[in-house]
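K.L.:
Structure for the following, please:
(chains A and B)
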Number of protein chains: 2
Amino acid sequence: MPDLATQPLGVFDSGVGGLTVLAALQRELPHESLLYLGDTARVPYGSKPMDMVRQFARQISHELLRRGVKGIVVACNTASAASLPALADELPVPVWGVIEPGVAAALEVSRSGRIGVLGTVGTIAARVYQDRLERAGATTWGKACPLFVPIVEEGISDSDIAALVADYYLQDRPPLDTVILGCTHYPALTATLRRALGPDVSLVDSADSTAAVVARDLHAMGLAATGPGPGEVRHLVTGDVASYLHTARILGGPLGPAERVELGAFEPSPS
Amino acid sequence: MPDLATQPLGVFDSGVGGLTVLAALQRELPHESLLYLGDTARVPYGSKPMDMVRQFARQISHELLRRGVKGIVVACNTASAASLPALADELPVPVWGVIEPGVAAALEVSRSGRIGVLGTVGTIAARVYQDRLERAGATTWGKACPLFVPIVEEGISDSDIAALVADYYLQDRPPLDTVILGCTHYPALTATLRRALGPDVSLVDSADSTAAVVARDLHAMGLAATGPGPGEVRHLVTGDVASYLHTARILGGPLGPAERVELGAFEPSPS
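P.N.:
Below is the predicted model:
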């Protein structure tokens, strides 16, 4: 039986956004080998029916398992909301999403319990953060920010445009002391959002929160890679590899060898 | 044999953008019944491999044919570039794309032959307009404007944000006398782009140009509906119907009964 600790950790997202989670994982777990799958041929997930996204998550997870991963990080808010906890029950390896760690971090940081959530149209409409926060007693304000992803991908996260758009989305907010970046692209907008929100509001980055939870759990399960060298990072892409690498560079995500992968036809499950 | 002239005209797009073409067709051909298919489950096409988009176009065309359309308008720049003229050769009904009409209109309008093209990343990178214009002797400048689609879908086409983003994309332009709106969403930005470009630059709207060509051809072929009443508009959607209608309303596209359609698994052809 191979030593599980030396096997790579699988990470997937609908596209490039999950690279912020990959970067956070690399900071927390520098010896870990990481296998990232970006489903750029089917991005975005946010506007697709939840049952379709659940099938995508299942299909990608089986592709990663076939390649020997010891665990899977669902580095996508929509896929986390659609597939967890069912995916974790179904798979023979540990599975982490990005939502629970973000919720836990926000509840820990907030003093007043008034928490804002910024995300894609799909994440906000599905109330994936808001419902969990409210069940824990928080008061929430959710705002869909569809311009933020193209602003990040355009490489203008610190521009006048980004500042104006941030003010636009935040203009109607109630008093808040904590804001969750509920989309994996948004950490690139941290400086702009800090300026727009002012010094009294804490920003919770789901990528960082998720990486901390994964690191804690891997160590607890004896599954963490122990080195001595740095882990390898490899990328699988369902769409065009060149444009993936272009955007990956803008996002500052850990780069490495990248290849196209065919996932085959999408077959709805009987469910 | 049914009277072909009374059969509906099929129109499809990767999502809601083609509704500007649908609106232009309705203005040009008020008696025509129109069957629109928005492939919102797989939007956007621009970032997907061309062979995949070609398969999508083929699959959708056969779905529309099965429903009795007398002709098909590919109301999507990416799908037009990927599938024409092959699709026209393959299908038993007339097929129109949005690129050739836009190119022809721009060449007719331009005095200096210096023509700009605004479009999605995919349309600009594939040089679908630029190559055709340059073969006809024009000098071109192409600019990908990925923020324009979410600005239109957010309903802020006439805002300060839209003006600032238009200036940003246009800041490096050379002297031009004509600009093609090479994405079906962009007609919503006409007022903003007119202000940014000044009074000496002509804007060519591919939606209008395409509708004019389709009307001319249908009349020439004896396939145009002659009334007396207005034609019906129906919508088929591969993704979520409610969010489709929400964005359709913002785009001002002709509304009508809308239903979800399943296109089945995507099977790559032997090609």
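
K.L.:
so what pLDDT did the residue nearest to residue A:111 when sequence neighbours are not counted get?
P.N.:
Excluding the flanking residues, the one nearest residue A:111 by Cβ to Cβ, 6 or more residues apart in numbering or on different chains is residue A:177, at 5.7 Å. Heads up, the C-betas are built off the backbone N, CA and C, glycines and all. Listed pLDDT for residue A:177 reads 97.

K.L.:
With residue A:1 instead?
P.N.:
pLDDT, residue A:1: 47.

K.L.:
same thing with residue A:51?
P.N.:
At residue A:51, pLDDT is 87.

K.L.:
Need the residue closest to the centroid of chain A.
P.N.:
Nearest residue to the geometric centre of chain A (Cα atoms, centre = their mean): residue A:75, 3.2 Å.

K.L.:
That one - nearest residue in space that isn't next to it in sequence?
P.N.:
Excluding its sequence neighbours, the residue lying closest to residue A:75 (Cβ to Cβ, 6+ apart) is residue A:18, at 3.1 Å.

K.L.:
And the one you found, how far from residue A:74?
P.N.:
9 Å (Cβ to Cβ, to the nearest Å).

K.L.:
Same check on residue A:255?
P.N.:
21 Å.

K.L.:
Between those two, point out the one with more neighbours.
P.N.:
For residue A:255 versus residue A:74, the count of surrounding residues by other Cβ atoms under 10 Å in any protein chain shown is larger for residue A:74: 29 against 13.

K.L.:
The more buried one against residue A:84, yeah?
P.N.:
Yes: with contact defined as Cβ atoms under 8 Å, residue A:74 reaches residue A:84; the gap is 6.5 Å.

K.L.:
Common neighbours of the two, please.
P.N.:
A:95, A:97 (Cβ atoms under 8 Å, 6 or more residues apart in numbering or on different chains).

K.L.:
joint contacts of residue A:18 and residue A:74?
P.N.:
With Cβ under 8 Å, 6+ apart, residue A:18 and residue A:74 have common neighbours residue A:12.

K.L.:
How about the worst-scoring helix or strand of chain A on mean pLDDT and chain B, any contact?
P.N.:
The weakest-scoring helix or strand in chain A, judged by mean pLDDT, DSSP states H and E, is helix A:121-125 (a mean of 87). Yes: residues of helix A:121-125 contacting chain B under Cβ under 8 Å from any Cβ of the partner chain: A:121, A:125.

K.L.:
Can you name every helix or strand that that helix contacts?
P.N.:
Counting contacts by 3 or more Cβ pairs under 8 Å, 6 or more residues apart in numbering or on different chains; DSSP states H and E, helix A:121-125 is packed against helix A:77-83, strand A:139-144.

K.L.:
mean pLDDT for these: which is lowest?
P.N.:
Taking the mean pLDDT of those, helix A:77-83 comes last: a mean of 93.

K.L.:
Run through the neighbouring helices and strands of that one.
P.N.:
Secondary-structure packing of helix A:77-83 (3+ Cβ pairs under 8 Å, 6+ apart): helix A:50-66, helix A:99-109, helix A:121-125, helix A:128-135.

K.L.:
Pipe the ones you listed into JSON lines and attach mean neighbour count and distance to residue B:156 per row.
P.N.:
As requested, the helices and strands packed on helix A:77-83 are exported to JSON lines (neighbours: other Cβ atoms under 10 Å in any protein chain shown; distance: least, Cβ to Cβ, whole Å):
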{"stretch": "helix A:50-66", "mean neighbour count": "19", "distance to residue B:156": "27"}
{"stretch": "helix A:99-109", "mean neighbour count": "21", "distance to residue B:156": "28"}
{"stretch": "helix A:121-125", "mean neighbour count": "21", "distance to residue B:156": "14"}
{"stretch": "helix A:128-135", "mean neighbour count": "20", "distance to residue B:156": "24"}
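
K.L.:
By mean pLDDT, show me the worst of the ones you listed.
P.N.:
Mean pLDDT is lowest for helix A:121-125 among these, at a mean of 87.

K.L.:
chain center to that one: distance?
P.N.:
Taking the mean of its C-alpha atoms, helix A:121-125 sits 14 Å from the chain's own mean (Cα atoms, centre = their mean, to the nearest Å).

K.L.:
For it, C-alpha coordinates in CSV please.
P.N.:
The C-alpha coordinates for helix A:121-125 follow below in CSV (Å, rounded to 0.1, in the frame of the first residue of the first chain):
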residue,chain,number,x,y,z
VAL,A,121,-25.2,35.8,-8.4
GLY,A,122,-25.5,32.1,-7.8
THR,A,123,-23.8,32.0,-4.4
ILE,A,124,-25.8,34.9,-3.1
ALA,A,125,-29.2,33.8,-4.5
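
K.L.:
who's in contact with it?
P.N.:
So helix A:121-125 is contacted by A:44-48, A:77-78, A:81, A:117, A:129-130, A:142-144, A:146, A:182-183, B:243 (Cβ under 8 Å, 6+ apart).

K.L.:
The closest residue to residue A:97 other than its chain neighbours: how many residues sit nearby?
P.N.:
With sequence-adjacent residues excluded and distances taken as Cβ to Cβ, 6+ apart, residue A:97 is closest to residue A:80, at 3.2 Å. Neighbour count of residue A:80, defined by other Cβ under 10 Å: 28.
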